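**Student:** coordinates for the following, if possible.
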Amino acid sequence: MTVYLVGAGPGDPGLLTIRGAQLLSEAQVVVHDRLSAIELLSMAPAHAELIDVGKAPDHHRMTQDRINELLVERGLAGQNVVRLKGGDPFVFARGSEEAAALEEAGVSYEVVPGITSALAVPAYGGIPVTQRFSSTSFTVVTGHEDPASGEGTVDWDAIAHTGGTLVILMGVHRWPAIAQRLLASGLSPDTPAAAVRWGTRPNQSAVRATLATLADQPLKSPSVIVVGTVAGEHLDWFTSRPLFSKKIVVTRARAQSSTLVERLRALGADVVEAPMIAIADPPDGGASLVSALENLADFEWLVFTSANAVHRFFVHVADARRLAGLKVAAVGPATASALAQYRVLADLEAKEFGAEGLVDSFPQAPSASPPLGPPPSLSSSSSPRPVGEPRALWVRGLQARSILAEGLEAKGWIVSEAVVYQNEVVQPDEAALEAIEQADAICFTASSTVTNFCDVVGSDRVPPVVVSIGPQTSETARSLGVNVDVQADPHSIDGVVQATLGALVDVKND
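**Tutor:** Numbering: from 1, shown residues only. Next comes the predicted model:
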């Protein structure tokens, strides 16, 4: 097997390379540092071992020599190892030392470059490192040299006379001395200078000053310092996004949350993924679905009330032609969209989201002849549906409300059910609980997420702004003493995003 030295980029998980994402998804072991975005770790398989070797100033969770030994040990053990390093492994990082240790031990390795903070952080801070009319070059230098070098080996006098833009990484601790060296080398005290902290992340902040005054500002690590004419630019595209710095909790199951999370992050939000449910196999192991698939000819309608049900159903249906002759109903746009992924267009989509809306939209059953009988037995011995007998198969989750079956039966349909999944409660870890305490808003996308949150986290720890996807979720929240500030309209992920945007932008602008 191979040890992969993967550049994680400067923080924004979207800046990970495609190669890096592929390797993470296949990793058996992930060795990561403190500057690797926590969101990236969720890309690793559930069974992968995560080893935190993060190093902070004056605090090393694991020495570099021990990290080298660890990589060699796991590589020799035949494991597929991803060493996830902030930025680029070979740009002022110790990736070359790790590669040399692997080389010496005869362990196969590969270096996967990452986007360096030297370029990405200034860009996210609204600072171009070059400009055609003012800065035609840039120099990247470390402010944190090997302690054994004494005063250091960087020739600051030569750098000062190079011209162009100066980008300094890991230089906060030594900045006052560096600034004095640059001033002594002839740079003007009025030269623009800026420090961008936690660049590319939702908690990014920037300080703009001059070479002479930047040291007077409250600088903190990790920051990228930029010196030069370009440091005076304010091309502020990142922090001007409407939800920038707003911390929003998403309670949806992780397998479902990607669209909502991506939409909120694109608007600048700091998203806390705290799934309150996980999608698991049904108690019968899928027996009712298998029986239903053997008896599809018994039914006139196939009814789906969630995207999860659609995906679980089609795991067992490789060829959509098996649905020939069946009409298909979807509870809303998300479910209809899930069906479309399998080249199935819903014949009926509820006009109003929710089980009640689907019942209202569903046609009355035709007059039955012969008289209606009990629902068919879902077994291989069942006979084909008698002509005129109006039957519907509801593909659902275990916890789905019975209102749909009751409503369709009231319209004359004989309803059979195939349970294809169940929701399980998820216990958030300590980091998620701490983030929830600091959040500005929370999005509830199903009644079960509200119930589980109140049971596991507590209704007294709900963030200030509550966004609900629809009436049933809102009703559940209020019954548990949770005030709903805004309800999505339409009752969809798009609606949740717009409702969240409206609520928090209004708060931000007050």
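**Student:** so Ser137 sits against Thr162, correct?
**Tutor:** Yes - applying CB atoms under 8 Å as the test, Ser137 and Thr162 come out as touching, 7.3 Å apart. In short, each C-beta sits where N, CA and C put it, glycine included.
**Student:** tell me what the lengthiest strand in the chain is packed against?
**Tutor:** For the chain, the longest strand by residue count, based on DSSP state E, is strand 414-425. The helices and strands touching strand 414-425, judged by 3 or more CB pairs under 8 Å, 6 or more residues apart in numbering; DSSP states H and E, are strand 277-280, helix 287-293, helix 307-314, strand 391-397, helix 403-410, helix 447-456.
**Student:** next secondary structure element downstream of it?
**Tutor:** Of the helices and strands lying after strand 414-425 in sequence (DSSP states H and E), the nearest is helix 430-437.
**Student:** the next helix or strand after that next one pairs with which strands, parallel or anti?
**Tutor:** Where DSSP H and E defines the elements, the next helix or strand beyond helix 430-437 is strand 441-444. Strand 441-444 sits in its sheet next to strand 247-250 (parallel), strand 465-468 (parallel), going by DSSP bridges.
**Student:** so the protein: which segments form each domain?
**Tutor:** The record's domain parsing of the chain by automatic domain parsing lists 3-115, 119-232, 247-276+426-509, 287-424.
**Student:** output the longest helix belonging to the protein.
**Tutor:** With secondary structure taken from DSSP state H, the chain has its longest helix at helix 493-509.
**Student:** give me the angle between it and helix 307-314.
**Tutor:** 150 degrees (axes from the mean of the first three to the mean of the last three CA atoms, to 10 degrees).
**Student:** where in this protein is pLDDT low?
**Tutor:** For the chain, applying pLDDT under 70 flags the ranges 35-37, 55-60, 145-151, 368-388, 506-510.
**Student:** circling back to that earlier point, mean neighbour count and distance to Gly354 added to the strands paired with strand 441-444, as TSV?
**Tutor:** Formatted as TSV, the strands paired with strand 441-444 follow (neighbours: other CB atoms under 10 Å; distance: least, CB to CB, whole Å):
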stretch	mean neighbour count	distance to Gly354
strand 247-250	24	21
strand 465-468	26	12
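**Student:** go through those strands and name the closest to Ala329.
**Tutor:** strand 465-468 (24.1 Å; CB to CB).
**Student:** restricting to C-alpha, output the closest one in PDB.
**Tutor:** Extracted in PDB, the C-alpha atoms of strand 465-468 (Å, rounded to 0.1, in the frame of the first residue of the first chain):
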ATOM      1  CA  VAL A 465     -33.000  31.600  15.300                       C
ATOM      2  CA  VAL A 466     -35.000  28.400  14.400                       C
ATOM      3  CA  VAL A 467     -35.800  27.600  10.700                       C
ATOM      4  CA  SER A 468     -38.300  24.800  10.000                       C
END
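**Student:** buried set for the next helix or strand after that strand?
**Tutor:** Using DSSP H and E, the helix or strand that follows strand 465-468 in sequence is helix 471-479. Neighbour counts using 16 or more other CB atoms under 10 Å place Pro471, Gln472, Thr473, Ser474, Thr476, Ala477 of helix 471-479 among the buried residues.
**Student:** please tell me how far the third one sits from Gln487.
**Tutor:** When you say that, I think you mean Thr473. Distance, Thr473 to Gln487, using CB to CB, to the nearest Å: 8 Å.
**Student:** one more: the second one?
**Tutor:** For Gln472, the distance to Gln487 equals 11 Å [CB to CB].
**Student:** quick one, helices of the stretch 51-200 of the chain?
**Tutor:** For the stretch 51-200 of the chain, helices defined by DSSP state H, counting those that start in this stretch occupy the ranges 64-76, 95-105, 117-124, 156-162, 175-184.
**Student:** how about the ones you listed, which one is nearest Asp298?
**Tutor:** For the helices of the stretch 51-200 of the chain, proximity to Asp298 was assessed by CB to CB; helix 64-76 is nearest, at 54.2 Å.
**Student:** buried stuff in that closest one?
**Tutor:** Of all the residues in helix 64-76, those buried under the rule 16+ other CB under 10 Å are Ile67, Asn68, Leu70, Leu71, Val72, Arg74, Gly75.
**Student:** isn't Trp237 right up against Pro128?
**Tutor:** No - the pair Trp237 / Pro128 is not scored as a contact, 11.4 Å apart, by CB under 8 Å.
**Student:** these two - which one has more neighbours?
**Tutor:** Pro128 (17 against 10; other CB atoms under 10 Å).
**Student:** which one is the more buried one nearest to, not counting chain neighbours?
**Tutor:** The shortest distance from Pro128 to any non-neighbouring residue, by CB to CB, 6 or more residues apart in numbering, is to Val230 (5.5 Å).
**Student:** what of Leu211?
**Tutor:** In space, and not counting its chain neighbours, Leu211 is closest to Thr191: 4.3 Å by CB to CB, 6+ apart.
**Student:** which stretches of the stretch 251-400 of the chain form strands?
**Tutor:** When assigned using DSSP state E, counting those that start in this stretch, the strands of the stretch 251-400 of the chain occupy the ranges 270-273, 277-280, 301-304, 327-330, 348-349, 391-397.
**Student:** please tabulate the ones you listed in CSV, including the columns distance to Ala431 and mean neighbour count.
**Tutor:** Listed next are the strands of the stretch 251-400 of the chain as CSV, based on distance: least, CB to CB, whole Å; neighbours: other CB atoms under 10 Å:
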stretch, distance to Ala431, mean neighbour count
strand 270-273, 9, 21
strand 277-280, 18, 18
strand 301-304, 35, 24
strand 327-330, 37, 22
strand 348-349, 39, 18
strand 391-397, 29, 24
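**Student:** out of the ones you listed, which gets nearest to Ser447?
**Tutor:** Of the strands of the stretch 251-400 of the chain, nearest to Ser447 by CB to CB is strand 277-280, at 10.4 Å.
**Student:** may I have that closest one as PDB, with CA atoms only?
**Tutor:** In PDB, the C-alpha atoms belonging to strand 277-280 read as follows (Å, rounded to 0.1, in the frame of the first residue of the first chain):
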ATOM      1  CA  ILE A 277     -30.500  11.200  12.500                       C
ATOM      2  CA  ALA A 278     -28.700   8.500  10.600                       C
ATOM      3  CA  ILE A 279     -30.300   6.400   7.800                       C
ATOM      4  CA  ALA A 280     -30.200   2.700   8.700                       C
END
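**Student:** contacting residues around that strand?
**Tutor:** Strand 277-280 has contacts (CB atoms under 8 Å, 6 or more residues apart in numbering) with 251-256, 308, 312, 421-426, 446, 448-449, 452.
**Student:** no more questions from me, cheers.
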